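> no sequence for this one, just the structure:
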């Protein structure tokens, strides 16, 4: 004799609850957590380096950087900001437990901003809530402007889209308007921030955007 | 490809349900996935075949139902199915829309069979 047990539960429900707890804890600490998603080579590390240079000692920031192998990104960023490399050993995305371990390994928990540089991949990381307040997708001009339409979840689940490497616009057939139109049809409330980390163009606007978000932390994530 | 880790999570949750219904054998697991779940049903089926036997559910089948994406407009309070992932409300044009289904993996139900007791048991 068979019985059907009705469940109707999101398989990720427990992970989402844990991410929510982490988010609330970081809100209590006054730390804005930013999860950066992109394809490999879109310029996440360069963006973070330019951010650290721009803020210098004005904001306390730290970075958890995820890669499948090597600590090269951490080596690049360590002179500029406290950084912990998270090496996934083949996994295509970071998860909350890795982030929590990385946070504990940082020399200080007293932070204004915690950046999580996810594994370069526009697919899997978009399905994993790392307890961030803000998810930012970075799209470089060298990748082509069709990526929002091809990888909708990464853009749907993001609050902002950085268009990086705009200094290369004269050399690549990339339309900011086309990429923005597609991204906004998928996520109509997306903030769009074109910039060049190499030339420090648009970095002020990016930094101001993050500072404004941090000022609204309790509204972004009530601690209850 | 995170279908393997997803199926591991699913098997753990199903294992708890089976344990809570002692004396039953797992026959079938039914899940719903939507277009924004970030999951490929064929890869999920492959992962199920590889992992379910190790979890002691070797004969149990996985049924994956693909469901549409549905969004709700806060402006005009209508629901709609976003075509080509276009989330602006097709009725009033507002950007104030939210996904209400089709962006996750839902464990719908579990089919269990009573294990027949031996004579005299």
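Structure received. If you're wondering where the values come from, they're calculated on a predicted model, not measured in any experiment. Numbers count the residues shown, from 1 in each chain, chains lettered A, B, ... in the order given.
> contacts, neighbours, all on C-alpha from now
Fine.
> so where is chain B shaky, pLDDT-wise?
Where chain B drops to pLDDT under 70, the residues are B:1, B:116-121.
> Where does the most centrally placed residue in it sit: helix, strand or coil?
Note on chain B: the residue nearest the mean C-alpha position is residue B:31, at 2.8 Å, using CA atoms, centre = their mean. Here residue B:31 is recorded as strand under DSSP: H, G, I helix; E, B strand; the rest coil.
> For it, give me its contacts.
Applying CA atoms under 8 Å, 6 or more residues apart in numbering or on different chains to residue B:31 gives the contacts B:62, B:63, B:64, B:65, B:105, B:106, B:107, B:108, B:109.
> Mind doing that once more with 7 Å?
By CA atoms under 7 Å, 6 or more residues apart in numbering or on different chains, residue B:31 lies in contact with B:63, B:64, B:65, B:105, B:106, B:107, B:108.
> Also residue A:20?
Here residue A:20 is in contact with residue A:131 (CA under 7 Å, 6+ apart).
> Just give the closest residue to the residue nearest to the centre of chain B, not the sequence neighbours.
residue B:107 (4.6 Å; CA to CA, 6 or more residues apart in numbering or on different chains).
> surely the one you found meets residue A:7?
Yes - counting by CA atoms under 7 Å, residue B:107 does reach residue A:7; the two are 6.2 Å apart.
> Those two: who's more crowded?
Taking other CA atoms under 10 Å in any protein chain shown, residue B:107 and residue A:7 do not tie; residue B:107 has more neighbours (22 against 15).
> about what we covered before: which strand residues bridge the residue nearest to the centre of chain B?
Assessed by DSSP bridges, residue B:31 has beta-bridge partners residue B:64, residue B:107.
> Distance-wise, check residue A:20 relative to chain B.
17 Å (CA to the nearest CA, to the nearest Å).
> looking at this, that residue is in a helix?
Yes - judged by three-state DSSP, residue A:20 forms part of a helix.
> Quick check: it vs residue A:202, distance?
31 Å (CA to CA, to the nearest Å).
> again with residue A:49
Taken as CA to CA, the span from residue A:49 to residue A:202 is 14 Å.
> Show me where chain B has its helices.
B:3-20, B:41-52 (DSSP state H).
> So the closest residue in space to residue A:25 that isn't next to it in sequence: helix, strand or coil?
Leaving aside its sequence neighbours, residue A:25 sits nearest to residue A:223 (CA to CA, 6+ apart; 7.5 Å). The assignment at residue A:223 comes out as coil when based on three-state DSSP.
> Show me which residues of chain A sit near chain B.
Within chain A, the positions adjacent to chain B are A:1-11, A:92, A:124, A:127, A:152-153, A:185-189 by CA under 7 Å from any CA of the partner chain.
> mind showing which ranges of chain A have poor pLDDT?
For chain A (pLDDT under 70), the answer is A:224.
> what are the bridge partners for the residue nearest the centre of it, then?
Ranked by distance to the mean C-alpha position of chain A (CA atoms, centre = their mean), the top residue is residue A:36 at 1.7 Å. For residue A:36, the beta-bridge partners under DSSP bridges are residue A:117, residue A:136.
> residues in contact with it?
A:44, A:116, A:117, A:118, A:135, A:136, A:137.
> In this structure the third one contacts residue A:73, no?
It refers to residue A:117. No - the criterion here is CA under 7 Å, and residue A:117 misses it with residue A:73 at 9.5 Å.
> which neighbours do these two share?
residue A:65.
> So which of these two has more stuff around it?
Using other CA under 10 Å as the criterion, residue A:117 and residue A:73 rank with residue A:117 on top: 24 against 19.
> picking up where we left off before, any chance of the helices of chain B in TSV, with distance to residue A:53 and mean neighbour count too?
Shown next, in TSV, are these (distance: least, CA to CA, whole Å; neighbours: other CA atoms under 10 Å in any protein chain shown):
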stretch	distance to residue A:53	mean neighbour count
helix B:3-20	38	16
helix B:41-52	43	17
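> Quick one: closest of those helices to chain A.
helix B:3-20 (6.4 Å; CA to the nearest CA).
> on that earlier part again, are any of the residues of chain A next to chain B buried, and which?
A:10, A:11, A:92, A:124, A:127, A:152, A:153, A:185, A:186, A:187, A:188, A:189 (16 or more other CA atoms under 10 Å in any protein chain shown).
> For the nearest residue to residue A:132 once chain neighbours are set aside, pull up the helix or strand it's in.
In this structure, residue A:132 finds its nearest non-sequential neighbour in residue A:33, 4.8 Å apart by CA to CA, 6+ apart. Following DSSP states H and E, the helix or strand that holds residue A:33 is strand A:32-38.
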